[in-house]
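Peer 1: Everything below, folded, please.
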Amino acid sequence: MRTSSVSGIVFANSRDEALGRMTNIRSMASVPFGGRYRLVDFCLSNLVNAGITNVGVITKANYRSLMDHIESGAFWDLDRKRGGVHLLPPFNISGARRYHGYIEALYGAMDFLNRCNSDYIVLCDGCVAANVDIAAAINFHISKGADITVVYRTGVPVDNAKNMMTFKLDSGDRLVSAHFPKTVSANDLTSLGVLIFGRKLLIELINNAYENGGRNIDVDIIADRISDLNIYGFKHNGFSAIMTDIKTYTEANMSLLDKNVRADLFNPERRIMTKNRDDMPTRYGIRANVHNSFIADGCVVDGTVKNSILFRGVKVKKGAVVENSIVMQDCTVGENAVLQNVICDKKVFVGNNAMVKGPAGESVYIEKNQKF
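Peer 2: Presented below is the predicted three-dimensional model:
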């Protein structure tokens, strides 16, 4: 496979509504994850690790933080004279003020598809955290002579399965049926949001679906064309998380407290790259008490941190307790303050002696720049 024969497209605003207020100020792809990453890092890294260096990022709304994060693409080796990363903001299509579904989004990005001159296109959802071997999926796609390949997972039940496709395969890995249930069981095969198409076929399918009022690739292309297209499934066996609501976002972050999950997601053979922030190592005070937590660089911890994720630059002052919480970049937890079952967005200031507790099994969300 020539790397120049494949281009990638990332959908930055996939499932924006799933995280509520967290995506009021940013796209899904720029949601912080795992102490120092954004969700888009997984898409870009997966593509680059497969040798794909021509990538379009389709945006719809709230994409300023995404632009600030990606910049020239240098942190993913995508600052190139040929190819590189291309931000594709909304294109004013007649009759469509904003994209409603991936078909309209791709129709609006048709200029990119026509110009990239690749043989294959890999589509990636920006709401997924997974280290996917896209090179192996492309080789599978070619070996099967597939029209479309769906990268899928099993063993992950989902309560809020809105618009999530499940399907069945025959003994040769070809799709034979597709379904859209309200809940997903551990035995169901679910798309991981990574699809591989021949470029010319994708252009044809998108044009036809758009003219017929289609919006959703899973519904209006895959499920609708199972009988007359060669559609195959490629299994991803490693860790994966799809952000369908605050609960799945919290669980995905907390999964990083498991060393086996960390080893799989941050596989050194397929590195997950992100924007660098040069900072000092984390400093721990003489009374710091840290247990089973994932703490990024640049933090200063003088209090207690248990079962939590701290992003870069977080300060936990003397006597403070942070437990079962996700604390994003540059937050401060004041002296003797208590956070339990909380998600603090960036630059939140929790004052001395303040107490914020969420109910067991749920998380209270504190918006960016808030002070308590």
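
Peer 1: Only C-alpha atoms from now on, for both contacts and neighbour counts.
Peer 2: Fine.

Peer 1: burial count for the spatially closest residue to T53 that is not a sequence neighbour?
Peer 2: Closest residue to T53 apart from its sequence neighbours, by Cα to Cα, 6 or more residues apart in numbering: G84 at 5.5 Å. G84 has 19 neighbours, counted by other Cα atoms under 10 Å.

Peer 1: In terms of helix, strand or coil, where does the closest residue to G34 other than its chain neighbours fall?
Peer 2: Nearest residue to G34 in three dimensions, chain neighbours excluded: N253, at 5.6 Å (Cα to Cα, 6+ apart). At N253 the chain is in helix, as set by DSSP: H, G, I helix; E, B strand; the rest coil.

Peer 1: Now for N253: which residues touch it?
Peer 2: F33, G34, I309, I326 (Cα atoms under 8 Å, 6 or more residues apart in numbering).

Peer 1: pretty sure the last one contacts L339?
Peer 2: So that's I326. No: under the criterion of Cα atoms under 8 Å, I326 makes no contact with L339, lying 9.5 Å away.

Peer 1: Same drill for the two, tell me which one is more crowded.
Peer 2: Neighbour totals were compared for I326 and L339, and I326 leads with 28 against 24 (other Cα under 10 Å).

Peer 1: for the protein, which helix is longest?
Peer 2: Ranked by number of residues, the top helix in the chain under DSSP state H is helix 199-211.

Peer 1: List the buried residues in that helix.
Peer 2: If you call a residue buried by 16 or more other Cα atoms under 10 Å, then helix 199-211 has these buried ones: R199, L202, I203, L205, I206, N207, A209, Y210.

Peer 1: ditto for stretch 281-296
Peer 2: Quick answer for stretch 281-296 (16+ other Cα under 10 Å): T282, A288, V290, S293, F294, I295, A296.

Peer 1: As JSON lines, those residues with distance to N369, secondary structure and pLDDT would be great.
Peer 2: Formatted as JSON lines, these follow (distance: Cα to Cα, whole Å; DSSP: H, G, I helix; E, B strand; the rest coil; pLDDT from 0 to 100):
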{"residue": "T282", "distance to N369": "22", "secondary structure": "coil", "pLDDT": "93"}
{"residue": "A288", "distance to N369": "25", "secondary structure": "coil", "pLDDT": "94"}
{"residue": "V290", "distance to N369": "25", "secondary structure": "strand", "pLDDT": "96"}
{"residue": "S293", "distance to N369": "24", "secondary structure": "coil", "pLDDT": "95"}
{"residue": "F294", "distance to N369": "22", "secondary structure": "strand", "pLDDT": "94"}
{"residue": "I295", "distance to N369": "21", "secondary structure": "strand", "pLDDT": "94"}
{"residue": "A296", "distance to N369": "20", "secondary structure": "coil", "pLDDT": "93"}
